[in-house]
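A.B. asks: Next one to model:
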Amino acid sequence: MDIISQVTSAMQTVLTTVADSAAVASGFLKRKRKLTGGRMVQTLVFGWLANPESTYDELAQTAGSVGISITRQGIEQRLTKPATEMLKTTLDAAAEQVLACCPQAIPLLSRFNGVYIQDSSWITLPDELADVWAGCGTNTDKGGKASLKIQLRFEMLTGAFEHLSVTDGKTHDGKAQKEFDTLAAGSLRLADLGYFSLNELKQLTDDKVFWLSRLKANCQLFDTDDTLVCLLKWLKAHNSCQLDCPILLGKQAKLPVRLLAQRVSQQVANKRKRQIKKQAKSKGKTPSFSRLALADWDIYITNIPMEQLTVDEAFVLARVRWQIELMFKLFKSSGQIDESRSSKPIRILCEVYAKLIAMIIQHWILLVGGWRYPEYSFQKAAKVVAKYALAIAAGYASSVVRLIATFEDVKRALANGCQISARKSKPSTFQLLQKVAQPLQQ
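C.D. replies: Have a look, this model is predicted:
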């Protein structure tokens, strides 16, 4: 099935079939009427996709695009607890849809049977919602009495969201990842330190899954003679700006890995040290000498063999993980999933769910234009989708033929003007991938 057919089918399933059923099950819809659960969900999703700051009046205008007539008061009155349940069920259904393009031909990434990036992001909620989504109980952006966390794993070559779920804000990433599907042998996992676990890394290795990770500060290292290594002294002893050495990871696990280290520029090192000092000061502490000294280095560990990945390639590959940070940045800057015009907790929760659905739909629509990332600017592409959102809504409400025609218009628009401009001083990840990705010598 081509990608436009995939998107059309998925939208029909999520925005109509599931939403209509969820409206009845949640009590949102108690008797048959023109405003179905599907039409309400479509109104909110497409309205906030077109403009995440849409007012009730603008949402009422969007309702006209999907074929219903409703006042601003009518929309406001329907943002209730049953509406949150309907939207949450619809969100879960959207997250279960795995849509993928044909894999992009990026030589370095194509050495693996898929490149999977995973990370999480917080959304702080009003304290009144703590019984729905429990936070960490702190007054930080990553806490509060109520918050939820988005867990995302996507595949770089096809653009597929392989896993997307929401959990309580207090749920640790390590616990959340137990719900992720097992990766295929020969694939590569790139993940934030929040998922760092020696047991997990060992399991991935046993499953013949490759991984590349930053080194966690409290991990004990041993040389191949089983002698405890002081990392800072070890780096100084080698007296080199770049290192690639075998080492054993963990006091008990003794997991054989490659340790990769590369000295950063003085400008980068100084910036890191300022951040470390600022963070320590906010906690009333003083950073250790070794922590400040290690800020001079980028340090990674991996189970990818030297014959499959050179050290220079490894440091370029490590940059790929940041693409998921850009994805979350897009969700929050373009989709404004963590912002609301309202102060009413239930209305805010409705908005969070609807905007998350909108971001999933937005991603599906981006796939229509072909998965071009990392040479593709998400920010530019998101503006194209927002521009066409109401046309897509009208096409969806009208007929499959009209919707497909609208997608063809979007596809042409995405093909022009959404690429990342080449940079000389600070090359993009795509530029670096193209530069280092030469065929391996057999």
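
A.B. asks: What ranges does the stretch 301-442 of the chain have for its helices?
C.D. replies: Assigned by DSSP state H, counting those that start in this stretch, the stretch 301-442 of the chain shows helices spanning 311-320, 322-333, 345-368, 378-398, 400-414, 429-436.

A.B. asks: Tell me how far F46 lies from A391.
C.D. replies: Counting by CB to CB, to the nearest Å, the separation of F46 from A391 is 10 Å. (C-beta placed from N, C-alpha, C; glycine too.)

A.B. asks: between the two, which one's more packed in?
C.D. replies: F46 (28 against 19; other CB atoms under 10 Å).

A.B. asks: Any idea how far apart the tips of stretch 298-310 sit?
C.D. replies: 16 Å (CA to CA, to the nearest Å).

A.B. asks: What residues sit buried inside that stretch?
C.D. replies: 298, 300-304, 309 (16 or more other CB atoms under 10 Å).

A.B. asks: Tabulate those in a markdown table, adding columns for pLDDT and distance to K34.
C.D. replies: As requested, these are exported to a markdown table (pLDDT from 0 to 100; distance: CB to CB, whole Å):
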| residue | pLDDT | distance to K34 |
| --- | --- | --- |
| D298 | 95 | 59 |
| Y300 | 97 | 57 |
| I301 | 97 | 59 |
| T302 | 98 | 57 |
| N303 | 98 | 58 |
| I304 | 98 | 57 |
| L309 | 95 | 58 |
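
A.B. asks: hmm, back to that, with respect to burial, which of the helices of the stretch 301-442 of the chain scores highest?
C.D. replies: helix 345-368 (a mean of 24; mean count of other CB atoms under 10 Å).

A.B. asks: That one - contacts with which helices or strands?
C.D. replies: Applying 3 or more CB pairs under 8 Å, 6 or more residues apart in numbering; DSSP states H and E, one finds that helix 345-368 makes contact with helix 3-12, helix 37-50, helix 81-96, strand 161-168, helix 322-333, helix 378-398, helix 400-414.

A.B. asks: Now do the longest one: everything it contacts.
C.D. replies: Pointing back at helix 378-398 there. 11, 15, 42, 46, 49-51, 62, 65-67, 326-327, 330, 333-335, 362, 365-366, 369, 402-407, 409-410, 413-414, 417-418 (CB atoms under 8 Å, 6 or more residues apart in numbering).

A.B. asks: mind redoing it with 7 Å?
C.D. replies: If you take CB atoms under 7 Å, 6 or more residues apart in numbering as the criterion, helix 378-398 is touched by 11, 42, 46, 49-50, 62, 65-67, 326, 330, 334, 362, 365-366, 369, 402-403, 405-406, 409-410, 413-414, 417-418.

A.B. asks: number of nearby residues for the residue lying closest to M156 once chain neighbours are set aside?
C.D. replies: Computed as CB to CB, 6 or more residues apart in numbering, the closest residue to M156 that is not its neighbour in sequence is V115, at 4.2 Å. Neighbour count for V115, taken as other CB under 10 Å: 26.

A.B. asks: Tell me which residues touch V115, please.
C.D. replies: Contacts of V115 (CB under 7 Å, 6+ apart): 109, 155-157, 188, 190, 320.

A.B. asks: how long is stretch 290-298 end to end?
C.D. replies: Counting by CA to CA, the terminal residues of stretch 290-298 are separated by 14 Å.

A.B. asks: Can you point out the buried residues in it?
C.D. replies: In stretch 290-298, counting by 16+ other CB under 10 Å, buried: 294-298.

A.B. asks: Tell me the one of those residues nearest G194?
C.D. replies: D298 (18.5 Å; CB to CB).

A.B. asks: Looks to me like that closest one is in a helix.
C.D. replies: No. Counting by DSSP: H, G, I helix; E, B strand; the rest coil, D298 falls outside a helix, being strand.

A.B. asks: how far away is it from D173?
C.D. replies: Applying CB to CB to D298 and D173 gives a distance of 22 Å.

A.B. asks: One more: I361?
C.D. replies: Counting by CB to CB, the gap from I361 to D173 is 26 Å.

A.B. asks: do the same with N199
C.D. replies: 14 Å.

A.B. asks: Now do the contacts for the residue nearest to A415 when sequence neighbours are not counted.
C.D. replies: Nearest non-adjacent residue to A415, counting by CB to CB, 6+ apart: G369, 6.2 Å away. Counting by CB under 7 Å, 6+ apart, G369 touches 381, 410-411, 414-415.

A.B. asks: Let me know the distance separating the residue nearest to L414 when sequence neighbours are not counted from C101.
C.D. replies: In space, and not counting its chain neighbours, L414 is closest to G369: 2.9 Å by CB to CB, 6+ apart. According to CB to CB, G369 and C101 sit 9 Å apart.

A.B. asks: Go ahead and produce CSV holding the CA coordinates of stretch 56-65.
C.D. replies: The C-alpha coordinates for stretch 56-65 follow below in CSV (Å, rounded to 0.1, in the frame of the first residue of the first chain):
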residue,chain,number,x,y,z
TYR,A,56,-13.7,28.6,20.2
ASP,A,57,-14.9,30.8,17.3
GLU,A,58,-12.1,29.5,15.1
LEU,A,59,-12.8,25.9,16.2
ALA,A,60,-16.5,26.5,15.3
GLN,A,61,-15.3,27.6,11.8
THR,A,62,-13.3,24.4,11.5
ALA,A,63,-16.4,22.4,12.4
GLY,A,64,-17.9,23.9,9.2
SER,A,65,-15.0,22.4,7.2
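
A.B. asks: ok, so what distance separates Q308 from L188?
C.D. replies: From Q308 to L188 the distance is 10 Å (CB to CB).

A.B. asks: should've said A269
C.D. replies: 28 Å.

A.B. asks: go on, A397?
C.D. replies: 41 Å.

A.B. asks: Then C230?
C.D. replies: For C230 relative to L188 (CB to CB), the value is 30 Å.

A.B. asks: Same check on E325?
C.D. replies: 18 Å.

A.B. asks: what does L294 give?
C.D. replies: L294 is 25 Å from L188, by CB to CB.

A.B. asks: what about the strands in the stretch 101-250 of the chain?
C.D. replies: 115-124, 147-155, 161-168, 188-191, 210-214, 221-222, 228-229, 242-249 (DSSP state E, counting those that start in this stretch).

A.B. asks: out of the ones you listed, deepest packed?
C.D. replies: strand 188-191 (a mean of 25).

A.B. asks: pLDDT on that strand, on average?
C.D. replies: Averaging pLDDT along strand 188-191 yields 98.

A.B. asks: Point out where the stretch 251-400 of the chain drops to low pLDDT.
C.D. replies: For the stretch 251-400 of the chain, the stretches with pLDDT under 70 are 370, 372-374.

A.B. asks: check contacts around T62.
C.D. replies: Contact analysis of T62 by CB under 7 Å, 6+ apart lists 43, 46-47, 50, 390, 393.
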